[in-house]
Every structure is written in C-alpha cells, then in structure tokens.
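> I'll drop the sequence and a predicted model, then ask my questions.
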Protein chains: 4
Amino acid sequence: MTRVAVIGASGFTGLELVKILINHPKFEISYVATSEGETSLTALHPALTDVFDAPVAKADAAEIAEAADLAFLALPHKASMGFAKHLLERGVKVVDLSADYRLELATYEAHYCPHEDKEHLPEAVYGLPELTREPLKKARLVANPGCYPTAALLGLLPFTPYIDSDFPIFIDAKSGVSGAGKKCTQTTHFVTINENIFPYNPLVHRHQPEIAEKLQKQSGKRFDINFVPHLIPVTRGEMVDSYMLLKEEIDPLEVLRDFYKEAPFVRIFEKPVDIKSPSGTNFCDIFARRSGKKLYINSAIDNILRGASSQAVVNANLMCGYDEALGIPVIAYVP
Amino acid sequence: MTRVAVIGASGFTGLELVKILINHPKFEISYVATSEGETSLTALHPALTDVFDAPVAKADAAEIAEAADLAFLALPHKASMGFAKHLLERGVKVVDLSADYRLELATYEAHYCPHEDKEHLPEAVYGLPELTREPLKKARLVANPGCYPTAALLGLLPFTPYIDSDFPIFIDAKSGVSGAGKKCTQTTHFVTINENIFPYNPLVHRHQPEIAEKLQKQSGKRFDINFVPHLIPVTRGEMVDSYMLLKEEIDPLEVLRDFYKEAPFVRIFEKPVDIKSPSGTNFCDIFARRSGKKLYINSAIDNILRGASSQAVVNANLMCGYDEALGIPVIAYVP
Amino acid sequence: MTRVAVIGASGFTGLELVKILINHPKFEISYVATSEGETSLTALHPALTDVFDAPVAKADAAEIAEAADLAFLALPHKASMGFAKHLLERGVKVVDLSADYRLELATYEAHYCPHEDKEHLPEAVYGLPELTREPLKKARLVANPGCYPTAALLGLLPFTPYIDSDFPIFIDAKSGVSGAGKKCTQTTHFVTINENIFPYNPLVHRHQPEIAEKLQKQSGKRFDINFVPHLIPVTRGEMVDSYMLLKEEIDPLEVLRDFYKEAPFVRIFEKPVDIKSPSGTNFCDIFARRSGKKLYINSAIDNILRGASSQAVVNANLMCGYDEALGIPVIAYVP
Amino acid sequence: MTRVAVIGASGFTGLELVKILINHPKFEISYVATSEGETSLTALHPALTDVFDAPVAKADAAEIAEAADLAFLALPHKASMGFAKHLLERGVKVVDLSADYRLELATYEAHYCPHEDKEHLPEAVYGLPELTREPLKKARLVANPGCYPTAALLGLLPFTPYIDSDFPIFIDAKSGVSGAGKKCTQTTHFVTINENIFPYNPLVHRHQPEIAEKLQKQSGKRFDINFVPHLIPVTRGEMVDSYMLLKEEIDPLEVLRDFYKEAPFVRIFEKPVDIKSPSGTNFCDIFARRSGKKLYINSAIDNILRGASSQAVVNANLMCGYDEALGIPVIAYVP
C-alpha cells in the first residue's frame, strides 16, 4: 500500500479525492488536512458519515512527510507551491491540482504571480496521461491540468497535424458551478446562475495560455487559441466546443479513433456528446464533425473528476507504478 | 400622483418593488436608497437598463420625508424600526416589509430582539388585505406579512370555524431560494441547493408565532401551529401544505369560494396548485381536499411578490385611497 | 382597436402572444384557435385563470377572416402556409411565426418541404424590425424570424462591413427548453436535460441557411455561417456566441452603439451579457470584444419573446401603423 | 457466482440495477431483457459505453430460467406478475420491483387491478430488510417496496410503540422526477416541472395503503395514514416528512439510534437531512424532532436506489446467503 495525503480536503476536489481513495486498492489515506485543521472528514462532508472518517489536521509539511509517500495538493494557486517545495525536499511525491506547476515560468508569471519554487518547476510533468504517459511514470512532481485545458486538449491534440495554424482556433466552453469552487460569492449564489448562462473573462481567461502552450509542446506549432468560458446552471460537468479550419478534408472520427485506440479513458462517439454520460467518471467523451475544411470538436468531461481529482489519481497511479486505471471511477452519475 | 420612496433597493424585494412601481399609474418613485448609497438603480440591477433609472442615495430619514409621501422599507428587521419611527414622526406613511411591526410586543421580543419603537407598534396594521382591508384604509404604518404567514394564513383563515383546535395544525412549507435573500452564504451557494431539498428550523421558525397570533386574532381561538419550512431548488415561489383535523365534514372548496368571493387576488382551484401559475403575480392559489375529518390545504404564492413586494403595493394602494388592484401584476411568469 | 386572432394558442408562443395582447392598448383578441378547438384559454393555460379567458375554436380560415383584421399564426411549419394563403385572400393581415415564409423558395424547399403558397411567398417581409422596419410598415404578410437567427443576426448585422468573409463565422448557440416546444419527447424529458447540456444538429441546423441568407441580403456579401445549437437546462432564454475574423481592428462596442443608436429594443453592454436580464422582455442584449482581428459577439434574448411572440407583436404594431414599442414587455423576469 | 437476469433494463431502475451488478463480487449479469428486445445495453444507455455491454433480449420466461438463478423484474405492475409466476414455477428466484406482490390481495385489488398470481402472492416477502431481514433469507419471491413507503416506513417504524393512534399521521413527501419514470408525458416535460413544485394524488396515492398495511403488520395497530406526494425539480432523491402525535414525550433521536443500532444502511442525524447526502447510495438518512407531544420525522433516500434498485440487490444478497451489504453503493453523488 502507498500512503497518501490529501491536503485541502474541505473543497469540492478534496472531497472527490477522498471518495476515490476510499475504495482504491493500493492507496491508503494516511493524512488529511486543510489550512485550518481541527475538524474531521465527516464534519466537513456529512455525506461520508458511516462510510469513512479521519481527523483533519492543519496542514504541516513535516507531518505530511512523516505520514505519507505521496501528497495530493488541492489548494489555491500560490498556496500550493509553498507546500510542494517542502514536500519534495522531504522526499514526498506531489500531485498538485493548482496552476502552480502547469506553465513555463514566463507564462506563469505573466498570468498568475511571481513563482516561488523555481527550483522544482522545471521537473514538473504536466499530468495529462494521453500526452505525457511515459514521463509521468518517472515523475515525482505532477502538475494536474486545469479542467478546461483537459477537455480542450483531448479534443484538439489528435488534430494538430491537420489544423490550419494560419487561422485562429475558437473554443467555447461551458462549465458547471462546482468549477467556481465552494466559496460563496455573488456568482455562485443560486439566484444568480439558476435559469441563466453567461460567459466570463472572454478571450482573457488564464486557461487560454495553458492550452496554447501544451499544443505547441506537442506539435511544435503555434496555434492562436481564443477561449470563452461560460457558467451554466448545473453542479458538475464541462463541455468544450472547438471551431477551426483544416488544411485537408480528413475524417475526424477516424482521426480520433486512431489517436485514442489505446486510451482507457477517452470515448469516441458518432453523435454529439453530453455532460451527463461522463459525469461521475474519468472519461472524456468526444465527437467531431467536419463541413468542408471547417472542423467542429465537441468534448465533455466531469470537471471535478477528469478535470481535477480522478485525473490526479490516474497520475498518482502512473507515478507509483500501478495500472493507470486502478481504482478510477467509470460508472456514471446517470440518469 | 403619490410620491413614494423605496428604501433597501439593492435586494430582491427592493427590485420587485421598483419593477411594480415603474408602471403604477398613481405612484411615482421619488427617492431610492440603500444603506450604502452612492450608486444607481441600473448599476444595482442591470436588467433595468434602458427601462428605468434613478440615483440611489444613502438612506436618510429627513431626505425621505422631504421627497416622499409614503416609504416602502425593504430592510432587515431591527434596521427597519430605526427608520420607521423617524418617518412616521415626519408624517410619512410607511409600509414596512420587515418583521418589526408584525407581532405583539411580547411575541416580537421573544423571537427577535428588544423593540425600539414601542410608540408606534400599537398602531401598526398587519398588511394582509383579506384579513384587515378596512383598517388598512386608515393606516399610516403597515406591517407587511412574512411570505410563509401570507400563504399559510390565506389557506387557513376560511377554515377557523371548522378546525378542531384540540389537535395541532401541521404546516409543511417549501420556498424558493430568493426567500433566503441576496446574501451569499453556504446555504445559498448553487451547489448546496441545486438537486437538493432540506428543511430548516423545523418547529422553531420565527414565522410560526406570526401565523398563530394572526389566527387567534381573527378567530378568538388558540391553534397549535407546527411549522416546518424547506428550501427547494427554484428561484421564486412558495408552497404551503397544511394538515389538520376538522370538527365537521364540510366541503372545503365551497368554504374557500364563499370566503374569497370578493377577493381579487385569491384563486380557488379544483385540483392541486403549483408555484409556477402564481409566479410573477400577486395571486394566492388555493386548493383543499378533505378525507373524513382530515383536511389538507394546498396554497401557493410568489414569495417575493404576494409574499413581499406586490402585497406591499396593494397595502399602499389601500392606505392612499386607491383601488386595491391598481398596478398590481397578474400575468404569470409562465411557461 | 385592431381585432386580432391567435391561431395555435396551446403552445408556448401562443401563450406568450395572449399574455402580451391582453394588455395591449390597441389590439383586441377577437378569436383564439388551436387545431383541435373545443376548449378555453384558461383550460389550456390555468395561469390565466381570473385574468383573461376566451373560447378556443377549431381554426377555420373563414371564421378568422370574419372575426379579425390580423392573425398571428403560431403553428408548425407547413400547417402555417396552409392557413396563411386563405387568410391573405380574405384580406386578413398575417404574422406567421413558423418558418414557412422566412426563406427564398429554393432555400426553403432544400431544408423543409415543397412550398404550398408560392403566390404569397415573394411578398412576405422578414420580421426583424432592425433590418426591415420600413418594409414592415407596408407588409400584409410578415415572416417572424427564428429565435436563433434573431439573436445571431442582431449581433452580426452591425459588423458585416468589417468581417473578413474569406474566413468562416462560427456560431455557438445555447437555448432554453421552451424552444423545443410543448411536445413531450425523450429530449424534453426533465431527466434528459436537467444537469446536462448537449449540442444538436451541429453544422446542419435549419437556422443556419436563414442566418446566411439574411446577412447576404443586408450586405450583398456571402458569409460562411457554421452554426451549432445547444440545449441547456433552463426554461426560457437564448445565448448566441459568434466568432469570426475582421478585416480591420475596429472598436466593437462603438460599432454596436452606432448601429443601434435608435433601436428601442437592443441594449449594448460593456461586459458579457446573461440570459436572465432580457428574459420576459423584447430586448436583445449584446456585448462584443475584439482581440487583434478576432471578434467575439455575445448576444442574448428571451427565445419565446424576442425570438417569437413579442417580436411578432412589434411586427404587428408596425404593420398597423402603431408605435413599434406599443404594449411590448420591457420589465425582466428577474431575479 | 450467482447468475442474475435484469428484466426491464431500459428504464431508470433497470439502469441502476445494471450499474450496481457490474461491480458486484457475487452476482453475474447473465441475461438482460426488455419488452421489445433486439438491442444492447450501451444502445439503451450510452453512458455504459466502454464499461459494460450485453445483448438485450425480448423477455422470455423459459430463456430466463435457463440463463439465470435469480431475476430482477423492473417492469410495470401487472406485467410483472405475468412473468414472476412462470419464473417461480421454473425455480428462478424473483425480486419484483413492481407493486404486484407488495400488498394483501384485497388491498392490491382495491387499488390496482385483479391479481393474476394468487398462488404465489402469499409467499412473497416484503423486501424492507430492516423490517423483514430474517424472512428475506428464506424467500424465493421478494416484493421490493415502493420508494415512498421505504422512506416513510423507515422513519415511522421505530416510533409505533409511542405514536397516539387515535390521531392521524400526516405524511408530506417530495420526489425527484426520475420517480415518474422514463416515459415522456406533460408531467415529465422539463418546462412543466422546472422552477416548479406540485402535489399529485393528495390523500389518494396508492402508496398510502402500502404504508398503512406494513405499519399494522409490524405493530399490530391500525394507524390512519394520510399521504401527500409532491414532484420537485430534481432528478433523483426523495424526502418524506411525517407529522403525528405521541402518547408520551420520548427522545426521538434516542429511539431512532436504538432501533437502528445494527442497521448498516440507516443513518441518524442530529440536524435536518437533505436528499443529496444519500443520493447515489442505499442509505436512508433520518432526523426527528419533538415539540411537546408532537413528533416530526424527516427521512431522505435516493428514490431509485434505496427506493428501488439498491434495495433490490440488498434483498437479493439476503436471499442468496450473502452479506447484506455486499456490493451495495455507499459513496454519495456529492457535491
């Protein structure tokens, strides 16, 4: 058994991590913490009553290092790198769910804040297994992708050889409210989002450079990514619709099937996907259609599982030499 | 034209007041305020853009007295009585949407806080027109009922001669989230209430004594009211289901039709009501069914209109000698 | 007073027509029909109880011609042209809410079915007042636009001089479920769409050629329209997000403000719009942002008002010589 | 391994059965059928793609008997007894999720239709493990309880010694729309139930006699059950609020804890419950509060799991000699 710590257990992604780890055959939750501590898992999440409980400590790097072999950091950006560096120095593997290790230094500092762990940043592996499976097996620090980049990249990566990079790629994304976090704000007030939909940060969202950077790394080409996210009145789930021009008239479903023929967590559909089918699972569901040289890609994930916590556990599986699919949820929250 | 002030314009009931008053043929909005001021109505409520705008002042009793003949106070309890007394002293009529003047002194102080306007409390008229239409015509201070008491009382009042008061009355109520106010809390977070329902303050909610006191005033009898409110995942609307024992086997629909034969804003239905049909209007829709001596009453209102703002304008109509129905919304937000 | 008939009163748009016409100062509902008849408005729509009622006949062209000066046809396509021709022959003005008179003959027959009223098709005026205000004043047959084309065209029309027509325009649209009609299908089942979102008919929806044809008529240029509609879990409201390339770096808000400076029912916002603010009204709310030569347009309407019934009444106002804004709803269904 | 058949796999409860059985360590799905057949599980439920598939046959008793040791019947009432009797004659154990074997003959025929399997009706065991655990271990025909009776009875059973049976028990229930089944009707149309709530069949619902009969069997006393169910705008989940008079002032939480001290699937909470916490699980969550001699019981379940499919698998576990909790879901669909 590998002993794992969940740091940041009070939020939505922290809860999802715990839910997966409870039944994982090789990971054992040995330490749970939040920034305040002094509580218990069932006090934070009453739905776990009679299922699983553990004391929740105030997060402390030395204690984590003693208690765990690997730590999941479900913390806000900036707070995360403060912890990660101390854990790495103490020999603890880290899967960081924040943005802190996802980007090149310059890109990070342009969109977030000054980086405080330049020492470890270069060794961080971007945790999208379909893109970085082999490096993940040797990683000790993994940067778990953002939810939008996960769904967007899984749709786009197979097509980079065929996309006409002289034209922009437009990405119209829709996310459930859990993506906005557990904090109560005017935006997350029920009355604000119920019976509503609205875009936010159009063309200037921080996930735009993350998508662009990873596409460039994979393909060696620069793509002009234009990203508009929306909030929709659902709790979980995320849909990403991408629009672009192709250089040639390929069969998009064939391209997808070929690219993902060995991927256990990508499903290709012959008709448009929805967000319910992958909800509760680590699947990314993808459909695509071409009209002339115009390509439409339609991908859907569970934003707090494939877009955060279940992908984090897949990454941890790979880092620890386990099968990628071990203990990963595949049964959807349907109907 | 009667000049009216809306104090507390930033909340949901403040917005509804403005929406009604904009088109009212006899009321003219002459002053709008919040506790902070220094803004405008369209800044607070962008949906009013190009429809109606007005500067929003920091509420000041002297200014209100100069600008308006009648003031609607859409303020939290306690804050409200602080204003009302100064307005009344300056000759301004007041419709208070808070709890401050709804209850007898002892009841109020047992459930809220020490009362700070004992001078005017005795003259306050409870603003449920079906119960107090004549006194309202002479009132200068009206206490607008709570949303739950409005729907509960309109269902119960016709039956007080027939109810067996030796047995408790059980009231199971369901409210949309707008009833919890605009403040962002864990309870009003979309993720908390979406796909959910839960009771709160069962048997100890502050509206329980309000219902009991008004029933007693009308009938001279004491009824044992047991009230359990629930929050449901809708924005507006409120349903109240009441259960009790009768002394005799009356025809409940006949009793309702007879009691409300001249009420413009109560509709009696022969099958169960829903909350969509009265939403956007001042109607209270009521259905009732009897089984032996057991009576079930099913009433529905728009919680922020009949349960607050449109009822407040009906009360103001009566106080100012206008027709009760003048400018009151009756076209529902359907489908 | 102008006597008007509502044909197809059982559906959502029929109900909205009635709701607007009840309070219209110049239109008087003189005839109401469905394809079955033998009922009443309050039986079809209980929310109208105690507000407005009328017998509902089985639709008959001769009877309509006797009873009304103008008829609103809220019928399915094909059924609509069957009626319209008989009404026009009898001197009744027609506002047709179906697709039957929206398109050029060839386009119509390619996407719908053989046309059965080729005689009147050429005189039909497309009922988007911002595009065809003057012809509407003389029209006796108006084709009310589809909901998607309304929101898309109002966003795009101001920019046709600046758009690079060598590049496709991508339109990602999101509609509430009322747009799918009152018929019960697997798609409109609550469980299907609740907590979900999905695209349908991507790149092949019938509104795509409607948008393209009207843009070409206005600008003389052919644009390559690529349209992907989605269903979202709300009852009413529609958002249209359009993506394209510009020929020059214009200020999009200035272009919008200039184009709509005299339009009573278009509002320009400096930040992203939502679907709640225009719900219940005839407004189209628009925001736009440019990044380099890439343009993002974000428009929102109430799909069954501006996208159907309130726009139909605006058109009728113009056809009858009344002010365009007479009796048109502007107070939103907020919060 | 025990070979099990799922008959009626197209509906919501059929899907849930499959989802549980896929991962069950002792049950193996050996036959899947619907009334039409000629399809596959992933065609019926695309969310199962790449997870589990099986051909779906047209249900045939002889084939079932050959393929399976135990059959789950997720069929409409009446259809179910037609199958069950043939299966029992062929030695197949049956868990029937319909109403056909839940009631005494006279009660059944008064509320449903003439019974067609009077031979096996007497041996059917009512499948509420907290009430009938021992008989279930020997049963070959189990009648799975209705969803409302499950939640109502689990709340009421502990209190039967203390309830004053001279007074009525009032039960106000709220169910998600999945309880209305997959059939598309005006009631299940998204627009009907979204932003709405309404009661149906108040005081005359068929689950009323089921609750009364089982309470009488357990306690030997007749209780006067008055039941009012509501539909609420959520997909899954059910809350039951019960109101009654007590003979003495007991501590309700203590009574609950004592009664359920060995029940693995009942959780007692010290504050009101919600429907999210047990969703996705077989738990019934219960809270109760007393005021004088008035008792309020508040219970919540997942209507298609504890109210149907997971309870059916618990029953099958008991019938086959396995541990009651084997393979039963306990991790909730939260947040």
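Everything's here; your move.

> switch to C-alpha atoms for all contacts and neighbour counts from now on
Noted.

> next, count neighbours for the closest residue to chain B within chain A.
Chain A approaches chain B most closely through residue A:190 (4.0 Å), counting by CA to the nearest CA. Burial measure for residue A:190: 29 neighbouring residues, criterion other CA atoms under 10 Å in any protein chain shown.

> chain neighbours aside, what residue packs nearest to it?
residue B:190 (4.0 Å; CA to CA, 6 or more residues apart in numbering or on different chains).

> ok, now which ones touch that neighbour?
A:177, A:188, A:189, A:190, A:191, A:193, A:194, A:235 (CA atoms under 8 Å, 6 or more residues apart in numbering or on different chains).

> hmm, residue A:25 and residue A:327 touching each other?
Yes - with contacts counted by CA atoms under 8 Å, residue A:327 reaches residue A:25, the gap being 6.5 Å.

> between those two, which one's more packed in?
Remark: of residue A:327 and residue A:25, residue A:327 carries more neighbours, 19 against 11, as counted by other CA under 10 Å.

> residue at max distance from the center of chain A?
residue A:292 (32.6 Å; CA atoms, centre = their mean).

> distance of that one from chain C?
Here residue A:292 is placed at a distance of 11 Å from chain C (CA to the nearest CA, to the nearest Å).

> I'd guessed that residue sits against residue A:249; true?
Yes - assessed by CA under 8 Å, residue A:292 is found in contact with residue A:249 at 6.6 Å.

> and chain A, which residues reach chain B?
Counting by CA under 8 Å from any CA of the partner chain, chain A comes close to chain B at A:177-178, A:182-186, A:188-191, A:193-194, A:234-235.

> just the buried members of these?
A:177-178, A:182, A:184-186, A:188-191, A:193-194, A:234-235 (16 or more other CA atoms under 10 Å in any protein chain shown).

> quick check, nearest of those residues to residue C:21?
Residue C:21 lies nearest to residue A:194 out of those, by CA to CA, at 28.7 Å.

> which ones are touching the residue lying closest to the closest one once chain neighbours are set aside?
Closest residue in space to residue A:194, ignoring its immediate chain neighbours: residue A:233 at 5.3 Å, by CA to CA, 6+ apart. Contacts for residue A:233 (CA under 8 Å, 6+ apart) come out as A:176, A:177, A:193, A:194, A:195, A:196, A:197, C:195, C:233, C:234.

> state the distance from the third one to chain D.
Note on residue A:193: its distance to chain D, by CA to the nearest CA, is 13 Å.

> skipping adjacent residues, who's closest to that residue in space?
Distances taken as CA to CA, 6+ apart place residue A:233 nearest to residue A:193, at 5.6 Å, with adjacent residues excluded.

> how much space separates that neighbour from residue D:116?
47 Å (CA to CA, to the nearest Å).

> just residue A:135 next, same as before
65 Å.

> equivalent analysis for residue A:270, please.
From residue A:270 to residue D:116 the distance is 45 Å (CA to CA).

> so for the two, which sits in the more crowded spot?
residue D:116 (15 against 10).

> surely the more buried one and residue D:80 touch.
No - between residue D:116 and residue D:80 there is no contact under CA under 8 Å: 10.0 Å.

> which neighbours do these two have in common?
Joint contacts of residue D:116 and residue D:80 (CA under 8 Å, 6+ apart) do not exist.

> domains of chain A?
A:2-144+A:308-319, A:148-301 (automatic domain parsing).

> distance to residue B:33 and mean pLDDT added to the ones you listed, as CSV?
Shown next, in CSV, are the domains of chain A (distance: least, CA to CA, whole Å; pLDDT from 0 to 100):
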stretch, distance to residue B:33, mean pLDDT
domain A:2-144+A:308-319, 38, 97
domain A:148-301, 21, 97
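
> format those domains as a markdown table; extra columns: distance to residue D:16.
Listed next are those as a markdown table, based on distance: least, CA to CA, whole Å:
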| stretch | distance to residue D:16 |
| --- | --- |
| domain A:2-144+A:308-319 | 20 |
| domain A:148-301 | 14 |
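
> residue B:147 is nearest to which of these?
Residue B:147 lies closest to domain A:148-301 among the domains of chain A, at 17.6 Å (CA to CA).
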